[in-house]
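**Student:** missing the sequence, but the structure's below:
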Ligand code: AMP
Ligand code: MG
């Protein structure tokens, strides 16, 4: 019999000590026959967990929700959210927070089961998840982490031995999600809408303590909180844009206060560069298209600012003015960080006033000639202008010469430029057709395709020979579509 202590569970429950209206205590619903499908050894170790013990019967029972580890106080969090612009009461309808693992270095990470059965917030849903979408989240969130993009992580996926019913019958699964926290813009919206000002203050203080301790002593710490969240989100969205990541469902409940990417439903990486790219079947209007993501983040941050108004100033008109001034900064902040990231992608160390125009003219050419986003930057990095339409055009040749002249005006050597570009332009991203291929095999019981994919995705800036085959484009002409996977 393996004990919680042997596994390494060291759980605290600070969220459970918050006001009762913030959550509902609930245990996961046991499943028939749990089986461990994938375990993130590296992450487990960094959490202070023992890999062998996690794989024991008791270890897997915890990952399946069949056993509650010592020190856990399972709960479902309450939250609200604007879904495609419409405000709704939501909450963890298919997730249970076991507690917060205190890491060997003292850091605190949420341990949450996704797909553990119904909760008081499940509405009409079954609270369950299917294997395909859980493995998809595992693959993409781990790829994001390797790309250097803040994200929730995936510790493990287990199958349940039970079926879930969507359009068809699918194998059921549970994923263990690890996050800095699960505080969302929607958490603040929930308390602002239905709680007291005192509860809102408790939530804000909790958030500051957990994510932004440096502002704890600030005179206007709630204004500082707004500024910090705006900054974290600007940094996050810049990283999405630079990597070509499309979240797909940027509702306010899917936007963390910590600045981590959360909720890998219909997300996907863009192949051909086009700001209008949308993969999600439910995003008919293109609200969350690639090029709209910064604006949508700004919109979501405005909802966050609104929920903080009672804390910003006693006079609500003054509060509104303060909030508006901060929100107005977001696009500029975003733009500055984006430009810095794009300069790095193109090997620029210093700043020239024409840089933004130079970068944009490349993007316009890429769009016009349907160039692959990731591969174009890779080709520029290695000066391997393969046989694509873009590289064959006189417009590109002209752009290339201006770019080379621009690079020659900085001090750094060709080697340094190449190094900067190698570190800023990934060799591979989780290409949609590769992810699908891995999931199809996995659902049939063959996990080897996924394991190889996870391996090459774990070091996207390696530019190794075995990664080359993963950078080839899909052969299918049908546009890729994603579904919410709920
Ligand atoms: P999402 O679109 O995944 O961000 O989820 C939106 C809301 O629906 C959240 O409150 C989820 O907890 C809830 N939800 C999603 N799938 C299910 C499900 N299978 N059962 C119950 N609730 C769900
Ligand atoms: Mg969600």
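**Tutor:** All right, it came through fine. As the structure is a computational prediction, the values presented were derived from the model and not from experiment. Residues are numbered from 1 along each chain as shown. Ligands and ions are numbered 1, 2, ... in the order given.
**Student:** Ligand 2 versus the residue of the chain most remote from its centre, what's the distance?
**Tutor:** Distance from the centre of the chain peaks at residue 394, with 38.5 Å (C-alpha atoms, centre = their mean). Between residue 394 and ligand 2 the distance is 47 Å, computed by C-beta to the ion, to the nearest Å. Where C-beta positions appear, they are placed from N, C-alpha and C, glycine not excepted.
**Student:** Please apply the same query to residue 9.
**Tutor:** 26 Å.
**Student:** I figured that residue was touching residue 63, is that so?
**Tutor:** No. Residue 9 is not in contact with residue 63 according to C-beta atoms under 8 Å; the separation is 11.3 Å.
**Student:** on that earlier part again, can you tell me which residues contact the residue farthest from the centre of the chain?
**Tutor:** Under the criterion of C-beta atoms under 8 Å, 6 or more residues apart in numbering, residue 394 has no contact partners.
**Student:** before we move on, what about residue 54?
**Tutor:** So residue 54 contacts 7-8, 39, 44, 60, 63, 156 (C-beta under 8 Å, 6+ apart).
**Student:** Pull the most distant pair out of those.
**Tutor:** The span of the contacts of residue 54, defined through C-beta to C-beta, is set by 8 and 60 at 14.4 Å.
**Student:** End to end on stretch 66-85, go ahead and measure it.
**Tutor:** 37 Å (C-alpha to C-alpha, to the nearest Å).
**Student:** For the helix or strand residue 42 falls within, which helices and strands make contact with it?
**Tutor:** In the assignment (DSSP states H and E), residue 42 maps to helix 41-46. Counting contacts by 3 or more C-beta pairs under 8 Å, 6 or more residues apart in numbering; DSSP states H and E, helix 41-46 packs against helix 51-54, strand 153-165.
**Student:** Check which residues of the first one are buried.
**Tutor:** Neighbour counts over helix 51-54 (16 or more other C-beta atoms under 10 Å) mark 53-54 as buried.
**Student:** And the average pLDDT for it is what?
**Tutor:** Mean pLDDT, computed over helix 51-54, is 98.
**Student:** Not counting the helix or strand following that helix itself, show me its contacts.
**Tutor:** Downstream of helix 51-54, the next assigned helix or strand under DSSP H and E is helix 57-63. The contact list for helix 57-63, computed with C-beta under 8 Å, 6+ apart, reads 1-4, 7, 9, 34-36, 53-54, 67-69, 98, 113, 155-156, 158, 174, 176.
**Student:** Swap in 6 Å and give it another go.
**Tutor:** Outside helix 57-63, the residues that touch it by C-beta atoms under 6 Å, 6 or more residues apart in numbering are 2, 7, 34, 36, 53, 67, 69, 156, 158, 176.
**Student:** Show me what whatever helix or strand comes next after that helix is packed up against.
**Tutor:** For helix 57-63, the following helix or strand on the C-terminal side (DSSP H and E) is strand 75-77. Contact partners of strand 75-77 among helices and strands, from 3 or more C-beta pairs under 6 Å, 6 or more residues apart in numbering; DSSP states H and E: strand 23-25.
**Student:** 10 Å instead, please
**Tutor:** strand 23-25, strand 95-102, strand 108-114, helix 185-194 (3 or more C-beta pairs under 10 Å, 6 or more residues apart in numbering; DSSP states H and E).
**Student:** what packs against the next helix or strand after that strand?
**Tutor:** Later in the chain than strand 75-77, the nearest helix or strand by DSSP H and E is strand 80-83. Under the contact criterion of 3+ C-beta pairs under 10 Å, 6+ apart, strand 80-83 touches strand 86-89, helix 185-194, helix 293-312.
**Student:** Let's see that with 7 Å instead.
**Tutor:** Counting contacts by 3 or more C-beta pairs under 7 Å, 6 or more residues apart in numbering; DSSP states H and E, strand 80-83 is packed against strand 86-89, helix 185-194.
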